[in-house]
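> need the 3D shape of this:
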Amino acid sequence: MTTRIVASIFALLLLSSGCASLDTAPAPRSTLDKIKTSKTITLGYRESSVPFSFVGNDRKPAGYSVELCSRVVADLQRQLQLPDLQVKWVPVTPENRIQAVVAGTIDLECGSTTNTLSRQQQVDFSLTTFVTGGSLLALAGSNLPSDFRGLRIAVIPGTTTEQVLREALSRSAANVTLVPVREHAEGLATVEANRADAYASDRVILIGLAATSRDPRRFVLSDRYFSYEPYALMLRRGDADFRLAVNRVLARIYRSPQIRDIYMRWFGALGDPGSLLIAMYAIEGLPE
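I've put the predicted structure just below:
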């Protein structure tokens, strides 16, 4: 009897010890805690995604998405009472941007990334920051058939543009060759060098590429859209407090005249924002 009692007590001690260790296991650090502890926020940016995220003439990150992220940082400085909050900018590519968020290499991605359901399996997204769609950029005088038949189309692998193109081509008999490129600047150069008939990307990015080229008159845009691309800022999945902090800043901007000033600074050459974008700002300008 004594042996059985001792064994039972020992088993209870082991069980209670295990429960205690489970209860006291440290929870994963939130992004806000990480920022407060390190007094640093790390932002990802693209080097040639004009006019959203690119390297400016001063060799610093610039663009529409970069400005939105900078305003998030300014609000976090006030909210967390960190006047000396440091900003670390890290360049990312279409290939590594999602992994950079997942691994914690960057806290917020400030680029031109489309919010998709499959990507939401790995990361979370802020409120929508822009709406555009896929199209083609070619040299002026090019004959771009509506079904893309016979074209060599440059595209960045792993993007939503490539995915939509491949899905469309799988349903048609068009003989199209996809030419992989690493970045937007390379896509433009591939068309200029006649190694591809057109470059496929989001229409507003194609406009930015042509507008900032040596001679914008050399290029023409296809009238056709072949995808819907809602952009948003990427952040770590499951970090509700940080996502709310980011969304609060965006919604506040959308509810104010500031958003028109920001839009005109980066897209003024395109004229006033269209009705679709105005509707997006109104819908995403959530009340406090």
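> every contact and neighbour count from this point should use C-alpha atoms.
OK.
> let's verify the residue lying closest to residue 238 once chain neighbours are set aside: helix, strand, or coil?
Nearest residue to residue 238 in three dimensions, chain neighbours excluded: residue 124, at 7.1 Å (Cα to Cα, 6 or more residues apart in numbering). Using DSSP: H, G, I helix; E, B strand; the rest coil, the structure places residue 124 in strand.
> let's have the chain start at 894 instead
From this message on, residue numbering opens at 894, which makes the last subject residue 1017.
> in this structure residue 1017 contacts residue 1134, no?
No. Look at residue 1017 against residue 1134 with Cα atoms under 8 Å: they stay out of range, at 12.0 Å.
> which of those two has more neighbours?
Taking other Cα atoms under 10 Å, residue 1017 and residue 1134 do not tie; residue 1017 has more neighbours (22 against 12).
> rewinding a little: do you know the pLDDT at the residue nearest to residue 1131?
If you check residue 1017, the pLDDT there is 98.
> now do residue 1043
Per the predicted model, pLDDT is 86 at residue 1043.
> isn't it right next to residue 1062, touching?
No. If you go by Cα under 8 Å, residue 1043 and residue 1062 don't touch, sitting 11.4 Å apart.
> identify the residues contacting residue 983.
The contact partners of residue 983, taken as Cα atoms under 8 Å, 6 or more residues apart in numbering, are 935-938, 999.
> do that again at 7 Å, thanks
Listed by Cα atoms under 7 Å, 6 or more residues apart in numbering, the contact set of residue 983 reads 936-938.
> so which of these is the most crowded?
Top of these by neighbour count (other Cα under 10 Å): residue 938, with 29 neighbours.
> looks like that residue contacts residue 1004 (just checking).
Yes. Between residue 938 and residue 1004 there is a contact under Cα atoms under 7 Å: 5.4 Å.
> where exactly do the helices run in the chain?
895-916, 924-931, 957-972, 990-995, 1053-1063, 1077-1085, 1096-1104, 1133-1147, 1151-1160, 1168-1177 (DSSP state H).
> okay, residue 991 and residue 1043: tell me how far apart.
For residue 991, the distance to residue 1043 (Cα to Cα, to the nearest Å) stands at 33 Å.
> domains for this structure, by residue range?
For the chain, automatic domain parsing gives the domain ranges 924-1025+1123-1177, 1027-1114.
> mind telling me which of those domains the model trusts least?
Taking the mean pLDDT of those, domain 1027-1114 comes last: a mean of 89.
> picking up where we left off before, anything in contact with each of residue 938 and residue 1004?
residue 946.
> re the thing from before, neighbour count winner among residue 991 and residue 1043?
residue 991 (20 against 13).
> contacts only, for residue 1121.
Here residue 1121 is in contact with 1025-1027 (Cα under 7 Å, 6+ apart).
> over to residue 954?
The neighbours of residue 954, taking Cα under 7 Å, 6+ apart as the test, are 938, 946-948.
> ok, it to residue 963 distance?
10 Å.
> so residue 1095 sits against residue 1026, correct?
Yes. Taking contacts as Cα under 7 Å, residue 1095 lies within contact range of residue 1026: 5.1 Å.
> so between these two, which is more surrounded?
Between residue 1095 and residue 1026, residue 1095 has the larger neighbour count (other Cα under 10 Å), namely 24 against 18.
> before we move on, back to that, between the contacts of residue 983, which is nearest residue 1103?
Residue 1103 lies nearest to residue 938 out of those, by Cα to Cα, at 20.6 Å.
> so what pairs up with the closest one in the strands?
Beta-bridge pairing of residue 938 under DSSP bridges involves residue 984, residue 1003.
> now do the contacts for it.
Counted by Cα under 7 Å, 6+ apart, residue 938 has contacts 946, 954, 982-985, 1002-1004.
> list buried residues within the residues you listed.
Those of the contacts of residue 938 that meet the buried threshold are 946, 954, 982-985, 1002-1004, by 16 or more other Cα atoms under 10 Å.
> can I get those residues in CSV with distance to residue 1037?
CSV is the format used below for the buried ones among the contacts of residue 938 (distance: Cα to Cα, whole Å):
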residue, distance to residue 1037
946, 29
954, 34
982, 39
983, 37
984, 34
985, 32
1002, 34
1003, 33
1004, 29
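> pick out whichever of the residues you listed sits closest to residue 1156.
residue 946 (13.5 Å).
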